[in-house]
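Student: Got a predicted structure here, sequence first:
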Amino acid sequence: MFYVDGYGRPVFNNQRSQIGELLYQLKYQRDRTAVDAIVEVAVKFIKVDWGIGRSLHGVVPVPASKARDFQPVMVIARAISTRLEVPFEGNIVSKVRNTPQLKDVEPDQRLGLGLLKDAFSVDVGCLMGRNVLLVDDLYRSGATLSAVSRVLQEVGKANKVYVLALTKTRVSS
């Protein structure tokens, strides 16, 4: 939620969900103690609420949109794969074309303009018939998750791609 201040600028309520706060602590404060709590919630959701834990053949992180020495999505996806006892497929998807960080692109410009067209690649048939869990930290428009899912299925030949985004980002409209 937000309101407009006296200068016409949006002012956001920055109250985060519990998992949103943990993700913030991990990503921006580098508090690695948050990983266990995030993974515990994610694995419970995958196994109990979603009921897909036994049908997964791998965990695939979304490639980072920004180069960092510490990539939270990789750490979380690896920990989820360990807890689920399925292979971690950390290098199966690569970003092959530079794109702007979508958080810096207006929502109506993300979808349909091809910002992510041909931005990701996988080896042909590398996931033939396998069910994979695609993990990302933030969800806003779904453009990145859609683009990566499409490549995993169409090129990688994955049977099913389940998508897990840890938290939804705020929007001003």
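Tutor: Okay, I see it.

Student: Need the residue closest to the centroid of the protein.
Tutor: The centroid of the chain falls nearest to residue 136 when counting by Cα atoms, centre = their mean (1.1 Å).

Student: Contacts only, for that one.
Tutor: 61-62, 73, 144-145, 163-166 (Cβ atoms under 8 Å, 6 or more residues apart in numbering). In short, each C-beta sits where N, CA and C put it, glycine included.

Student: so of the residues you listed, which ones are in strands?
Tutor: Counted as lying in strands by DSSP state E, out of these, are 61, 163-166.

Student: all helices of this structure, in order?
Tutor: Assigned by DSSP state H, the helices in the chain fall at 18-29, 34-44, 72-84, 107-110, 143-154.

Student: and the shortest one, average pLDDT?
Tutor: Going back to what we said before, that points to helix 107-110. Model confidence over helix 107-110, given as mean pLDDT, is 56.

Student: try the second one
Tutor: Taken as a whole, helix 34-44 carries a mean pLDDT of 95.

Student: quick one: contacts of it?
Tutor: Helix 34-44 is contacted from outside by 19, 22-23, 25-26, 53, 75-76, 79-80, 83-84, 135, 164, 166, using Cβ under 8 Å, 6+ apart.
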